[in-house]
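Novice: predicted model and sequence below, questions to follow.
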Amino acid sequence: MDEVDLIMTKAEKEVFKNLKTEEDKRRFQNLFWKVRDPIPETTENEYLVEFYSRRNYAEKELEGAYSDRGRTYILLGEPNERKNYEGYDVVVDCELWVYQSEGRPGLPPFMYLLFYRPRDMGSYRQFHPGPNSALDLLSLGYAKGVSSKENAYTIIRQQFPELARASLSVIPDERAVGATSNLTSSGAVIASIHTLPEREVEKQYLKNFSTIEGKVDVFYSTKAIGGKASLVVLPNKGFALLSYALMPDILHTEKIKDNLNGALISLNIRIEDSGGKTIHQQERELNVRLTDAQLQSLRKEQKLVFKDFTPVIEGKFSVILTFTNKTANEYFVHNETIEVAKNFQSVLVGYEVQKIQPDVFLPFSIEYYKVLTDPQLLFNKEDSCNGVVISQQRPEITLTEVENSKNIVKITDISQNGGFFLFSQPLIELKTGNYYLDVSWARAKKFRTVIAIMPFRVQRTIGFERTEDLSSRHNFDFVVAQEYLNVGNVDAALESLHKLPEELLNATTRPVIARAYYLKKDYSQVVELLEKEPMQKTYPVILLLANSCLELRKLPQAANYYEMLREYGDTVKINQTLGAIYHSMGETEKAKHYWDRAKALEEQSKEEIEH
């Protein structure tokens with residue numbers, strides 16, 4: 001267990017600890033490696049060999065398997081590129097590792113993983129964008145007199161622009177000013193790296209030893225709390241918007257000053273396809289401020305509910321919602337499967353329907369109506385059960401007492417408004433208790449939820465929600481385009497990208513548009529988009545330009561961009577490509593130089609593997 005602890009799932013650890021006989025332990029070990037064998041038909045288990053190779057390297061070169069660098073190396077392997085920042089006056093010793101996730105579940109396509117030695121002392125630690133900032137990267141000499149993160153970032157950017165960008169986010173260019181307003185998702189990405197075994201390992205074999213029911217995946221190394229969540233997909237102004245609400249059972253705060261308490265809250269949503277690939281992820285942070293009286297009310301009877309929304313494309317997806325109280329290091333996770341079709345049917349239930357201005361986007365709203373709701377669906381006797389049904393057909397809606405199936409109330413107050421129906425049912429005459437709310441079309445039940453009519457008065461939740469004005473629709477076009485790209489639908493992605501106005505064709509959007517054209521093999525468009533100024537030449541941008549120029553046989557430009565790629569890492573593949581380019585250009589001496597370099601790197605790699 002000491003050797004393989006980093007790649008064991010929580011369920012595997014629990015099962016192994018409870019094994020009593022040596023025979024069971026040996027059988028467990030055999031199956032443990034067998035389920036990880038990528039090519040079972042060969043005699044050698046390639047995963048086992050690779051794991052021990054990574055572990056030995058981490059022990060000898062990276063300060064141990066359980067160091068920050070060692071753990072990352074074992075879980076992700078050799079980075080695609082490494083950039084070393086040691087011995088500089090401006091910054092402490094740093095290493096920037098660039099990874100392509102190659103479709104591993106929960107990870108973005110590209111990642112910047114940064115490691116640094118605080119104050120140039122001790123071991124390398126992982127840099128966490130958000131909790132850490134550019135101030136942590138400045139050397140002691142340069143840090144004197146620098147009081148703000150912004151100033152520190154400017155100082156580093158002047159000499160090391162790539163390092164500066166990596167200090168903002170694990171996801172390259174995520175924090176660049178552009179079409180989206182997403183906050184960094186770095187914490188979720190790093191947590192996903194550390195929990196890769198939970199999502200990548202088949203656990204069915206454990207049934208041979210003991211039940212694994214009740215085991216849960218752990219995404220954050222913080223304390224789990226209780227909480228409730230709800231989500232619904234609603235059409236709104238040409239988009240399918242996924243609205244979600246997260247309500248923690250408890251909210252711990254810290255004292256800010258007299259009569260004011262605060263907590264830093266993070267709401268994270270990750271949408272995955274059936275293969276576990278992330279098609280969209282966003283994180284939003286809120287600074288919650290509560291008076292002593294509000295905090296006292298929360299502890300007695302009220303709840304806080306946090307609401308947000310994001311565009312989503314057609315398909316069947318897993319939605320992972322995570323509420324994190326960063327002040328108290330507490331979290332809860334909600335998982336749900338959704339299916340979005342072009343003409344989908346949906347139901348939203350609450351205790352009130354309000355009219356809203358048509359020029360805003362709000363959670364749990366459609367066109368100019370907003371439904372007040374919370375994940376518990378608790379109602380007072382004087383309330384009405386209200387809601388919206390998205391359908392082209394008039395629905396049948398009933399309330400059925402859970403404990404007495406004969407007590408059925410048919411809801412008749414239903415009015416149509418375009419492609420949806422509004423309904424309302426006063427509850428004053430109904431007994432307290434739980435009721436099934438059933439919505440059906442053509443006498444076939446399609447939707448069921450449970451509402452509770454309380455025997456005592458319940459206080460309404462205190463809500464925090466995001467509002468966007470109508471101009472945000474172009475931000476949504478950009479998000480939708482990225483989602484289509486992530487599922488491989490390039491034509492639909494380009495259709496959404498073409499809706500962006502000229503002012504949003506910037507350093508954030510252009511690389512995404514270029515990526516779409518690259519997948520369409522329209523290399524001329526890629527070069528035209530990415531060679532416009534001003535355009536930061538980041539690793540993904542240079543890679544697209546290098547490959548596109550090569551495809552277009554623009555060999556001098558291709559050679560220039562591949563030379564720039566070498567700054568991110570001197571690899572065998574880049575040197576071989578440069579050799580071939582210069583050979584095609586008739587520059588045989590340069591070609592030989594790069595081929596010799598590629599051969600030397602290849603031999604060096606073989607020696608390291610043998611070692």
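Specialist: In hand now; what should we look at? Numbers count the residues shown, from 1 in each chain.
Novice: so, low pLDDT: which residues of the stretch 1-150 of the chain?
Specialist: 103 (pLDDT under 70).
Novice: just the CA coordinates of the longest helix along the chain, formatted as PDB?
Specialist: Counting by DSSP state H, the longest helix found in the chain is helix 588-610. Presented in PDB, the C-alpha positions along helix 588-610 are these (Å, rounded to 0.1, in the frame of the first residue of the first chain):
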ATOM      1  CA  THR A 588      21.300  20.700 -45.400                       C
ATOM      2  CA  GLU A 589      23.600  21.900 -42.700                       C
ATOM      3  CA  LYS A 590      20.800  23.200 -40.600                       C
ATOM      4  CA  ALA A 591      18.800  20.000 -41.300                       C
ATOM      5  CA  LYS A 592      21.800  17.900 -40.100                       C
ATOM      6  CA  HIS A 593      22.100  20.000 -36.900                       C
ATOM      7  CA  TYR A 594      18.500  19.400 -35.900                       C
ATOM      8  CA  TRP A 595      18.600  15.700 -36.800                       C
ATOM      9  CA  ASP A 596      21.700  15.200 -34.800                       C
ATOM     10  CA  ARG A 597      20.100  17.100 -31.900                       C
ATOM     11  CA  ALA A 598      17.000  14.800 -32.100                       C
ATOM     12  CA  LYS A 599      19.200  11.700 -32.100                       C
ATOM     13  CA  ALA A 600      21.100  12.900 -29.100                       C
ATOM     14  CA  LEU A 601      17.900  13.600 -27.200                       C
ATOM     15  CA  GLU A 602      16.500  10.200 -28.100                       C
ATOM     16  CA  GLU A 603      19.600   8.500 -26.800                       C
ATOM     17  CA  GLN A 604      19.500  10.500 -23.600                       C
ATOM     18  CA  SER A 605      15.900   9.500 -23.100                       C
ATOM     19  CA  LYS A 606      16.800   5.800 -23.600                       C
ATOM     20  CA  GLU A 607      19.600   6.100 -21.000                       C
ATOM     21  CA  GLU A 608      17.300   7.600 -18.500                       C
ATOM     22  CA  ILE A 609      14.700   4.800 -19.000                       C
ATOM     23  CA  GLU A 610      17.400   2.100 -18.700                       C
END
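Novice: so what touches that helix?
Specialist: 53, 57, 570-573, 575-576, 578-583 (C-beta atoms under 8 Å, 6 or more residues apart in numbering). (Each C-beta comes from the backbone N, C-alpha and C, glycine too.)
Novice: ok, residue 38 touching residue 47?
Specialist: Yes. Under the criterion of C-beta atoms under 8 Å, residue 38 makes contact with residue 47 at 5.7 Å.
Novice: sec struct for residue 95, please.
Specialist: strand (DSSP: H, G, I helix; E, B strand; the rest coil).
Novice: residue 38 and residue 47: which has the busier surroundings?
Specialist: Taking neighbours as other C-beta atoms under 10 Å, residue 38 and residue 47 compare with residue 47 leading, 16 against 9.
Novice: quick one: residues contacting the more buried one.
Specialist: Counted by C-beta under 8 Å, 6+ apart, residue 47 has contacts 33, 36, 37, 38.
Novice: confirm the second one sits in a helix?
Specialist: The one in question is residue 36. No. Counting by three-state DSSP, residue 36 falls outside a helix, being coil.
Novice: not counting its neighbours along the chain, what's nearest it?
Specialist: Nearest non-adjacent residue to residue 36, counting by C-beta to C-beta, 6 or more residues apart in numbering: residue 47, 4.4 Å away.
Novice: what about burial for the contacts of helix 588-610, which qualify?
Specialist: Buried members of those, scored by 16 or more other C-beta atoms under 10 Å, are 53, 57, 571, 572, 575, 576, 578, 579, 581, 582.
Novice: between the residues you listed, which is nearest residue 249?
Specialist: Residue 249 has its nearest neighbour among the buried ones among the contacts of helix 588-610 in residue 57, at 44.2 Å by C-beta to C-beta.
Novice: isn't that closest one up against residue 77?
Specialist: No. When contacts are counted by C-beta under 8 Å, residue 57 is not listed as touching residue 77 (9.9 Å).
Novice: most neighbours out of the contacts of residue 47, which is it?
Specialist: In the contacts of residue 47, the most neighbours by other C-beta under 10 Å go to residue 36, 19 neighbours.
Novice: which residues touch it?
Specialist: 7, 45, 47, 48, 201.
Novice: do residue 500 as well
Specialist: 179, 474, 477, 478, 509.
Novice: got those residues as CSV, with pLDDT, neighbour count and distance to residue 91 columns?
Specialist: Shown next, in CSV, are these (pLDDT from 0 to 100; neighbours: other C-beta atoms under 10 Å; distance: C-beta to C-beta, whole Å):
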residue, pLDDT, neighbour count, distance to residue 91
179, 30, 24, 31
474, 91, 17, 37
477, 94, 23, 38
478, 94, 22, 33
509, 89, 22, 30
